[in-house]
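*Asks:* sequence plus the predicted model coming up.
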Amino acid sequence: TIALKARQIGYSTVVSIFELWKALSVSHLNLIMLSIGEREASDLLLNAKRAYRSLPPWVKDRAPKPTDNNVARMSFDNESVIKSLPGGTDPARGESVDDVVVDEWAKFAAPEDAWASIQPITDIGGRVIGISTARGSGNFFHTFWNSAVARVTDFQPVFYPWWANDERNEEWYEAKKRT
């Protein structure tokens, strides 16, 4: 999946919670979330941690239990793990990964290198979810997005515009344009 989205609509949060759900539902998964830098990667994992803490007690009683919990990793006793790492140039090379979430891909310093590192997981059934706001045209993400829209790749394009947030309307948009 490749998602082009407006800012501040909660898409990255939802994807983080989706990864938590997978870790709790299926054993032996290695799930990686990549973001621009260490702070952003930590914040991405924090979304999943908040969701876990907010689960009702009856769900936590039945779910796998956390076995470690730090700024870059959340592991469970079903041997599933969620790791959150900075994108860098070689973020997942050598890892056997089931899912990779690439958050704000257009803002990566070396998006082509990150893709070269994670692309091989798709050859063995792994899933890649690329997420980003637009950042001009002609860059890696823009080209990748256009290839998905044109059905040149197997990626499923998903677009979430500014009006995907119900609190935003034409009045909101016009005020933002003026600002």
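*Replies:* Ah, there it is.
*Asks:* for residue 60, pull up the helix or strand it's in.
*Replies:* helix 57-62 (DSSP states H and E).
*Asks:* what is the helix or strand bottoming out on mean pLDDT in the chain packed up against?
*Replies:* The helix or strand of the chain with the lowest confidence, counting by mean pLDDT, DSSP states H and E, is helix 120-123 at a mean of 80. Applying 3 or more C-beta pairs under 8 Å, 6 or more residues apart in numbering; DSSP states H and E, one finds that helix 120-123 contacts strand 127-132. Every C-beta, even on glycine, is put in place using the N, C-alpha and C of the backbone.
*Asks:* in the strand it packs on, which residues are buried?
*Replies:* Using 16 or more other C-beta atoms under 10 Å as the test for burial, strand 127-132 gives 128-132.
*Asks:* could you do stretch 68-77 as well?
*Replies:* Neighbour-count burial for stretch 68-77 flags 74-76 (criterion: 16+ other C-beta under 10 Å).
*Asks:* what's in contact with it?
*Replies:* 20, 23-24, 41-42, 45, 48-49, 52, 63-67, 81-85 (C-beta atoms under 8 Å, 6 or more residues apart in numbering).
*Asks:* quick one: low-confidence residue ranges for this protein.
*Replies:* Along the chain, the parts satisfying pLDDT under 70 run over 88-95.
*Asks:* at 80 what do you get?
*Replies:* 69, 87-96, 122-123 (pLDDT under 80).
*Asks:* all strands for this structure, in order.
*Replies:* For the chain, the strands defined by DSSP state E cover 2-5, 30-35, 66-70, 73-76, 81-86, 99-103, 127-132, 157-160.
*Asks:* any idea which of those strands gets closest to residue 167?
*Replies:* Residue 167 sits nearest to strand 157-160 of all these, at 14.1 Å, using C-beta to C-beta.
*Asks:* what would the closest one look like as CSV? C-alpha coordinates only.
*Replies:* Only the C-alpha atoms of strand 157-160 are listed here, as CSV (Å, rounded to 0.1, in the frame of the first residue of the first chain):
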residue,chain,number,x,y,z
PRO,A,157,-2.5,3.7,-4.0
VAL,A,158,-4.7,5.3,-1.3
PHE,A,159,-5.3,9.0,-1.2
TYR,A,160,-6.6,10.9,1.9
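*Asks:* name the residues of that strand that are buried.
*Replies:* Across strand 157-160, burial judged by 16+ other C-beta under 10 Å covers 157, 160.
*Asks:* okay, now the sheet partners of it, with direction.
*Replies:* In the sheet, strand 157-160 lines up against strand 2-5 (parallel) (DSSP bridges).
*Asks:* report the beta-bridge partners for the closest residue to residue 11 other than its chain neighbours.
*Replies:* Residue nearest to residue 11 in three dimensions, not counting chain neighbours: residue 5, with 4.8 Å by C-beta to C-beta, 6 or more residues apart in numbering. Judged by DSSP bridges, the bridge partners of residue 5 are residue 160.
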